[in-house]
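Asker: turn this into a model:
(3 chains)
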Amino acid sequence: MDDGVKRIIQDPLIPEMFHRVEKLEQFLHLARTRTYAKGTIILAQGMEFDEIIYVQQGCLAVSMGADDGHQKFLFHIGEGSIGLSTFLGEYHEIQIHAVKNSTVSFFKVEQILTIFREDEKVIFDILQNLLTKVYYFMGQARDLNFYRPSSRVFRLLYNLCINEGEQVGDHYEINFSLTQKTIGEITGTHYVTVCKLFQMLDRQGIVKKGKDKMVVYDLERLKSLINEIIEY
DNA sequence: GCATTAAGGATAT
DNA sequence: ATATCCTTAATGC
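Answerer: Numbers count the residues shown, from 1 in each chain, chains lettered A, B, ... in the order given. Sure thing, here's the model as predicted:
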């Protein structure tokens, strides 16, 4: 095996940075390409689907419907990433909609096979993309079983700080911010609960969340909060 | 401990 | 100007 196919699976902290398959960029002429306005539903529940989605620009969200009409957010498909490499019949409950204005390409099976023949490394890229998703959702399954909602939120913040945080003096800065709403979606906790938790963190000076920056003032305290019972 | 609902205020586009 | 996000309180499991 040459180095081109030797890779490491790293766990994505948030479900939108799965392995990119940018090699598909060279094969866009084989695909059907469309643009979607923000909010458009690309794949509705129960719609047959046998293509691979590649997002050139923008961002899509994949969610799964529940009996009561609720949609459980699953993951984002960002630029350079792919979606639904599995082929759905008409009895699935997946929905995909555009989060931003997006241009996305659709590859049919035969086209994908052609690409595989021309550049077999694309196979590994697609496998890698799928495996990071599988690994991510294995982690989700564990978290939902073993941690309470408050723990899941704190764990996410802690991991973000460890992995993306930049130490500045005595504190850490995370140079992007998630909305409380998306933190709720990712961790499976209600957004009102997320709000209360951030209030607590703010009041105790542990974490302050800004518009496009989060700073962690007390990483050890944040870590210990993961295993504490929170009073609301 | 947390979800849910509702309702009003705050920001983003 | 309108949609989206955040806050707060009340209630229920």
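Asker: the closest residue to residue A:221 other than its chain neighbours: what's it in contact with?
Answerer: The shortest distance from residue A:221 to any non-neighbouring residue, by Cβ to Cβ, 6 or more residues apart in numbering, is to residue A:206 (5.1 Å). Just so you know, the C-beta spots here come from the backbone N, C-alpha and C atoms, and that holds for glycine as well. Contacts for residue A:206 (Cβ atoms under 8 Å, 6 or more residues apart in numbering) come out as A:216, A:217, A:218, A:221, A:222, A:225.
Asker: in strands, which of those residues fall?
Answerer: residue A:216 (DSSP state E).
Asker: what about the strands in chain A?
Answerer: So, for chain A - with DSSP E - the strands run A:32-36, A:41-43, A:51-57, A:60-65, A:71-77, A:82-83, A:94-98, A:102-108, A:166-168, A:171-174, A:207-209, A:214-216.
Asker: residue A:108: neighbouring residues, count only.
Answerer: If you count neighbours by other Cβ atoms under 10 Å, residue A:108 ends up with 14.
Asker: can I assume it is in contact with residue A:51?
Answerer: Yes - using Cβ atoms under 8 Å, residue A:108 is in contact with residue A:51, at 5.6 Å.
Asker: state the distance from the residue nearest to residue A:221 to residue A:172.
Answerer: Distance of residue A:206 to residue A:172, computed by Cβ to Cβ, to the nearest Å: 11 Å.
Asker: overlap of the contact sets of those two?
Answerer: Counting by Cβ under 8 Å, 6+ apart, the residues touching both residue A:206 and residue A:172 are residue A:216.
Asker: look up how far residue A:155 lies from residue A:82.
Answerer: For residue A:82 relative to residue A:155 (Cβ to Cβ), the value is 28 Å.
Asker: more crowded one of those two?
Answerer: Taking neighbours as other Cβ under 10 Å, residue A:82 and residue A:155 compare with residue A:82 leading, 23 against 19.
Asker: report the beta-bridge partners for that one.
Answerer: On DSSP bridges, the residues paired with residue A:82 through beta bridges are residue A:54.
Asker: who's in contact with it?
Answerer: So residue A:82 contacts A:21, A:24, A:52, A:53, A:54, A:55, A:126, A:129 (Cβ under 8 Å, 6+ apart).
Asker: what subset of these is also close to DNA strand C?
Answerer: Restricting the contacts of residue A:82 to those touching DNA strand C (Cβ under 7 Å from any atom of the strand) yields no residues.
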